[in-house]
Each structure stands twice: as structure tokens, then as C-alpha cells.
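[1] quick one, structure for this:
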Amino acid sequence: MMAENKTVYLHDAAYARANGEIEQYHRSRKTNIDCKRAIESAIRENFDGMYLNHDAAKPVVEQFGAERVAHVLAATVRYFDWDGRFSRDNKAWAQTVPFVQDTDSLGMDRSTEYVVESHPTVLDGFIKLARKEFAQEKDKEKSADGKRPSALEQLKSGKDSQQARPTSSPNKRHEEVR
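    Numbering: from 1, shown residues only. This is a model prediction of the structure:
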């Protein structure tokens, strides 16, 4: 995938038309839908009915980029905000992801085209894994800049707390879905 398709177009269709950017808008929307399908596929292929493989989100984030995966997942959580199967942490995180309301001429929300349709409990686990990937990607970027993340940043990303906590799964490559 081209690097330009990893950047989310954060304007509505009316703005895109008015500013001659309708191609970028359509390309980004189509890529959001492709990302949704990749997430659903990754979940299907990495969930065995009880455990979600710890690496399930990694290939999707590598293919589409953290910004786009976060955009699609946040749009999904916002759409299902009423659903108690999404954790409070993931709901709070979804509100921090930049989002533009994009409605069609009938007032329908266009973001529903890329709402992930996997089981909410399993999807919640996938979001947690994706957020860990986002944090690791940020750490890599900081390392490339010569800056190491502070201890506080590491704790916020959950990196240290996950290492200290034992897993209940005999296979450390899986996360239990409750």
C-alpha cells in the first residue's frame, strides 16, 4: 500500500468538492472500507473461539498505518457507544481520535460504511491489541528521533504493566476474551 493511503482524509465530502479534493476523499473512504475488511478478516483468522492471537492487529497496522486503523476502530466504537461490551478505556480512547462528521444529502452518516461488524467483545480485545501496536509504533518513532520514552509514557502505554502481569493462558500468543 502506498504511503499516501496511510493518511486519513479528515474533511467531509462537501469540503472535498469545494476544494477540488474529491479524489483524495474517495480514495481515503475506499481505503477505510478496505481497512474495515482487513480487521474483520484478521479477527476471523486469529480468534479460536476463546483466545485472540496477540499478533492479530500487527499486520493490519503495518498495511494500513496506525492513523487509519485508529480512525476505523474509533468510528466503530463511536457508532456502538451504547454497547457495554466495549470497555470504558476503549470508549474514552475513541473520543480522542480525530473525527469529522460526514453526512450525505439524506443526513446519513457515511462513516457507517466502515464500521467493523465483528463481535463486540472480540473486537474490544482487538482494539486493545491495536492500541498496543500504536504505542509501539510511537516508541519506534521516538527511538528513531533519538528520544527514549519516559517511564511515565511507558506506563501510560501499558508496556511495563503488561510485562509484570502473568498471563492466564498457557499459550502467551493469545489473549483471553471474556
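[2] roughly how far apart are Ala75 and Leu129?
    In this structure, Ala75 and Leu129 are separated by 18 Å, where distance is defined by C-beta to C-beta, to the nearest Å. Where you see a C-beta, it was placed from the backbone N, CA and C, and this is true even at glycine.
[3] from Ile33, how far out is Arg44?
    If you measure Arg44 against Ile33 using C-beta to C-beta, the figure is 17 Å.
[4] what of Gly107?
    Computed as C-beta to C-beta, the Gly107 to Ile33 distance reads 21 Å.
[5] so between the two, which is more surrounded?
    Between Gly107 and Ile33, counting by other C-beta atoms under 10 Å, Ile33 is the more crowded of the two (12 against 6).
[6] quick one: contacts for that one?
    Contacts of Ile33 were listed using C-beta atoms under 8 Å, 6 or more residues apart in numbering, and they are 113-114.
[7] name the helix or strand for it, please.
    Assignment of secondary structure by DSSP states H and E places Ile33 within helix 22-46.
[8] cool, and Gln101?
    Since the elements are taken from DSSP H and E, Gln101 ends up inside neither a helix nor a strand.
[9] hang on, it packs against Gly107?
    No. Gln101 is beyond contact range of Gly107, at 10.6 Å (criterion: C-beta atoms under 8 Å).
[10] flag the shaky bits of the protein, pLDDT-wise.
    Within the chain, the stretches falling below the threshold (pLDDT under 70) are 1-5, 145-178.
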